[in-house]
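*Asks:* Have a look at this fold, sequence not included:
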């Protein structure tokens, strides 16, 4: 509360701080820590609110050129407390800034620029949690954007700590997380398959929930790296193995993920950033003609209203036109 009053006194407004450069900085920090795929949902939504174009593909562009330098679980050795004790996010940002990965001229809530905030941050030589940005764990970030005929509007995969970055196999399709979880619980799947959970996107869920129970069950069965999992829903930051989320367009609006069938071969390549199903454009078009929209269990109330207005995960699953469309605003922002 005191900081807010200080910012008001200095006439520093949210949109003075939330700029394109600041969003790029945020994506850089997420990527350098091997952070959650959810950043590719939250950052575009924040950008949308401020009237800035910054979608999933823009986030993925930053991820692609950012070194992965924080050795954090679940892919690495350390936890957040270890990083805090080593110097925390300021330590990470200091080395990223020193090696040209951050915009130092961004205004921050201190009233100073990011570079000014970093002037008094000293590198800690007596820690192993955060590597110098010129000696990273890997040259590219812990999260990768994907695109292909299965995800024309993109998808996202966390690769931090993964040894294999390519996977190909036949699809086994489920129209809800519960269906997939039931199959996994009874081991009704095979090694090498791509488990597809659909109708869990922003509109189809409704709400784009995290596929927590299924990924945990697969890992508990020792199958984390032996099957792949793709969804138009999303995953938590603790996901391990080949788990692709945010596939768009989602199944509920007739996206390709809603058209595939059991046995269709899906290929994922996190090196080249592709996700493809071995179907011709003509076959996908023919299947689209027979596809029918499904109703959810929410046909009234706030969740129904949300489902009528929510947009693609590519743009942050937002429910209004955003700051770029404003002609009048009630707030001084």
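*Replies:* Alright, I've got the coordinates. Model, not experiment: these values are computed from the prediction.
*Asks:* alpha carbons only for contacts and neighbour counts from here, please
*Replies:* OK.
*Asks:* just for the stretch 201-333 of the chain, where's the confidence low?
*Replies:* Counting by pLDDT under 70, the stretch 201-333 of the chain shows low-confidence ranges at 237-240.
*Asks:* Which of the three states applies to residue 93?
*Replies:* Per DSSP: H, G, I helix; E, B strand; the rest coil, the secondary structure class of residue 93 is helix.
*Asks:* residues contacting it?
*Replies:* 29, 102, 118 (Cα atoms under 8 Å, 6 or more residues apart in numbering).
*Asks:* swap in residue 303?
*Replies:* Residue 303 touches residue 206, counting by Cα under 8 Å, 6+ apart.
*Asks:* what about it, distance to residue 208?
*Replies:* Using Cα to Cα, to the nearest Å, residue 303 is found at 12 Å from residue 208.
*Asks:* Now residue 97. Nearest residue, chain neighbours left out?
*Replies:* Nearest residue to residue 97, sequence neighbours excluded (Cα to Cα, 6 or more residues apart in numbering): residue 104, at 6.8 Å.
*Asks:* That neighbour: how many residues sit nearby?
*Replies:* 19 (other Cα atoms under 10 Å).
*Asks:* quick one, what contacts it?
*Replies:* Taking Cα under 8 Å, 6+ apart, one finds 97, 113, 114, 115, 116 in contact with residue 104.
*Asks:* Then residue 312?
*Replies:* 202, 248, 249, 250, 318.
*Asks:* Where neighbours are concerned, which of the residues you listed has the most?
*Replies:* residue 250 (28 neighbours).
*Asks:* thought that residue was touching residue 258?
*Replies:* Yes - assessed by Cα atoms under 8 Å, residue 250 is found in contact with residue 258 at 7.2 Å.
*Asks:* intersection of neighbour lists for those two?
*Replies:* Counting by Cα under 8 Å, 6+ apart, the residues touching both residue 250 and residue 258 are 198, 199.
*Asks:* hang on, the earlier thing: which among the contacts of residue 93 gets closest to residue 22?
*Replies:* Nearest to residue 22 among the contacts of residue 93: residue 102, at 8.8 Å, using Cα to Cα.
*Asks:* Over to the closest one. Which of the three states is it?
*Replies:* coil.
*Asks:* May I ask which helix or strand encompasses the closest residue to it other than its chain neighbours?
*Replies:* Nearest residue to residue 102, sequence neighbours excluded (Cα to Cα, 6+ apart): residue 25, at 5.5 Å. Remark: residue 25 resides in helix 20-32, with elements defined by DSSP states H and E.
*Asks:* Now do that helix: which elements does it pack against?
*Replies:* helix 39-49, helix 56-65 (3 or more Cα pairs under 8 Å, 6 or more residues apart in numbering; DSSP states H and E).
*Asks:* what about 10 Å?
*Replies:* Packing partners of helix 20-32 (3 or more Cα pairs under 10 Å, 6 or more residues apart in numbering; DSSP states H and E): helix 39-49, helix 56-65, helix 88-98, strand 143-148.
*Asks:* That helix to strand 143-148, inter-axis angle?
*Replies:* 100 degrees (axes from the mean of the first three to the mean of the last three Cα atoms, to 10 degrees).
*Asks:* Report the distance from helix 20-32 to the chain centre.
*Replies:* Here the centre of helix 20-32 is set off from its chain's centre by 13 Å, with Cα atoms, centre = their mean, to the nearest Å.
*Asks:* Same check on stretch 6-21?
*Replies:* 26 Å.
*Asks:* tell me the average confidence for it?
*Replies:* Summarised as a single mean, pLDDT over stretch 6-21 is 94.
*Asks:* Is it correct that residue 100 is in contact with residue 67?
*Replies:* No - between residue 100 and residue 67 no contact is recorded; they are 11.3 Å apart, counting by Cα atoms under 10 Å.
*Asks:* Between the two, which contacts overlap?
*Replies:* residue 133 (Cα atoms under 10 Å, 6 or more residues apart in numbering).
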